[in-house]
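structure, please.
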Amino acid sequence: VIGENSNIIMSEAIKTIITNWKRGFFNDVYDLANIKKPIRDVILSLESNKLTLADCYFSLACLGQLINKIPDENENIRFRQHAIKSFNERFKMYDFDEYLLAYYIHPSYKDKKKY
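Here you go, the predicted model:
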């Protein structure tokens with residue numbers, strides 16, 4: 001990137017960020033985008049005016065699955081641990097048998113195959 005755009009990228013600080021990171025700046029941006037996109041999709045689905053309690057519970061399950069898919073590498077370990085801890089704290093607020101029952105008896109429960 002720097003070789004092709006040396007006349008555009010003038011700042012030494014930017015060049016250092018792009019070239020000297022262990023995994024590379026663009027790999028980190030790619031990983032961040034892969035984590036944020038599913039979260040954005042869940043938030044958009046929760047803004048629907050036809051939302052049910054089962055949809056909310058299913059979205060929580062999807063987010064939990066996405067967090068578990070974060071690679072357990074040295075670069076991501078602290079972020080992954082923080083995400084799991086934060087998710088578990090929030091999930092406790094919704095961990096009631098009634099919510100789980102609403103999810104299981106919802107007519108479209110069997111059609112949910114996102115994860």
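
only C-alpha atoms from now on, for both contacts and neighbour counts.
Will do.

dead centre of the protein: give me the residue that sits there.
The centroid of the chain falls nearest to Ile35 when counting by Cα atoms, centre = their mean (3.5 Å).

would you quantify the distance from it to Val29?
10 Å (Cα to Cα, to the nearest Å).

which SSE is the residue nearest to the centre of the chain in?
helix 25-46 (DSSP states H and E).

got a list of what the closest residue to Ala102 other than its chain neighbours touches?
Leaving aside its chain neighbours, Ala102 sits nearest to Ala54 (5.7 Å; criterion: Cα to Cα, 6 or more residues apart in numbering). Neighbour list for Ala54: 99-100, 102-104, 106, 109 [criterion: Cα atoms under 8 Å, 6 or more residues apart in numbering].

pLDDT weak spots in this protein?
Where the chain drops to pLDDT under 70, the residues are 1-25, 75, 108-115.
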